[in-house]
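**Student:** sequence first, predicted model second:
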Amino acid sequence: MAAENQSLEIHPMDQFIVKPLFGDGPLMWYTLSNTTLWMFLAVLACAAFFMLGTIRRADIPGRGQMIVELAYGFVRNMVESVAGRDALRYFPVIMTVFMFIAFSNILGLIPASFTTTSHIAVTAAMAVTVFLSVTILGFAKNGLGFLGLFWISSAPMPLRPVLAVIEVMSYFVRPVSHSIRLAGNMMAGHAMIKVFAAFAGVLGVGAFVPIVAISAVYALELLVAFIQAYVFTILTCVYLRDALHPSH
Amino acid sequence: MEGDLTNLGAYIGAGLACVGMGGAAIGVGNVAGNYLSGALRNPSAAASQTAMLFIGIAFAEAFGIFSFLVALLLMFAL
């Protein structure tokens, strides 16, 4: 569907094609593709960020250590304020999710790179993992009391069954919105930049208008890359709070 | 040409589904605007409520995402 229309020199959706790194073979689950490469680079960047930042620990932090401490404190505050003190046990996994998504998003903004988080398959894997683990955790911590999440005891009695149906539906829709929000935001922003880039190729002398627009959109995308990582993480915290304290 | 007619319907439907994103835009703007007006009335309480702001935006945005999902399904899964 994408390659039919050749009116633009740069097709905005071409950047999302998953290709094998070596050769043109078919894509199997074990094939090394550009998704694999950029995911690996994101993990590497995460590790380098923390290791280089804390390699020379000092009481008066340097620039690198300051950024690491800022990121740590930011996520820790978020977990504590949204999910509660007893959720701090799960802080490492939430920190990992946040850093991985933030670095994937920001690495994807490098020109000619590949945005792994723009693929629903990638974000859905993360969202479904969060959904399943939170559900299992909820039942493990509260037993059948976890079902109290769907039975809103503050509502009037006749309304409760109706609300229960709505709550169950909204619970199972969570991984869908959780994953598509991230993928959709990433995909839309990058496609928009490529559309403007194609305009610049067509306009000739007037190309400075789309180029200025690209610069502005790029700055916005940097903000979106961070905010979407933040939103994904904060929703994980909200789901975690529901699992730990299901009663309304 | 017969196959093109089904594609035509799917494309028009995908375009129409995107109208639903306008509703999400109104919802997100409503959340952010109300947060700002509340924050300007009581700036000392604003910092503690930014998390609620983003949760509210995320939930308001979810329904725009469902319309986007419908558009994607019509474009690629039909």
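**Tutor:** Cool, the structure landed.
**Student:** please count neighbours and contacts with C-alpha atoms only from this point.
**Tutor:** Fine.
**Student:** report pLDDT for the residue of chain B found nearest chain A.
**Tutor:** In chain B, the residue that lies nearest chain A is B:Ala62 (5.6 Å; C-alpha to the nearest C-alpha). B:Ala62 carries a pLDDT score of 81 in this model.
**Student:** now A:Met99, nearest residue through space, not along the chain?
**Tutor:** Spatially, and ignoring its direct neighbours in sequence, A:Met99 is nearest to A:Cys46 (6.5 Å; C-alpha to C-alpha, 6 or more residues apart in numbering or on different chains).
**Student:** and the one you found, what pLDDT?
**Tutor:** On pLDDT, A:Cys46 comes in at 94.
**Student:** next one: A:Val205
**Tutor:** 82.
**Student:** dump the residue contacts of A:Tyr239.
**Tutor:** Neighbour list for A:Tyr239: A:131, A:134 [criterion: C-alpha atoms under 8 Å, 6 or more residues apart in numbering or on different chains].
**Student:** is it in a helix, a strand, or coil?
**Tutor:** Here A:Tyr239 is helix, with the state taken from DSSP: H, G, I helix; E, B strand; the rest coil.
**Student:** show residues contacting the helix or strand containing A:Met95.
**Tutor:** Counting by DSSP states H and E, the element that carries A:Met95 is helix A:91-107. Helix A:91-107 is contacted by residues A:38-39, A:42-43, A:45-46, A:72, A:75-76, A:79, A:113-117, A:186, A:222, A:225-226, A:229-230, A:232-233, A:236-237 when judged by C-alpha under 8 Å, 6+ apart.
**Student:** mind checking what secondary structure the residue nearest to the residue of chain B closest to chain A when sequence neighbours are not counted has?
**Tutor:** Residue nearest to B:Ala62 in three dimensions, not counting chain neighbours: A:Ser177, with 5.6 Å by C-alpha to C-alpha, 6+ apart. Secondary structure, three-state DSSP: A:Ser177 is helix.
**Student:** list the contacts of A:Ser177.
**Tutor:** B:62, B:65-66.
**Student:** for the residue of chain B closest to chain A, give me its contacts.
**Tutor:** When contacts are counted by C-alpha under 8 Å, 6+ apart, B:Ala62 is found next to A:177, A:181, B:24.
**Student:** try 10 Å this time
**Tutor:** Contacts here follow C-alpha atoms under 10 Å, 6 or more residues apart in numbering or on different chains; on that basis B:Ala62 touches A:173-174, A:176-178, A:180-181, B:21, B:24, B:56, B:68.
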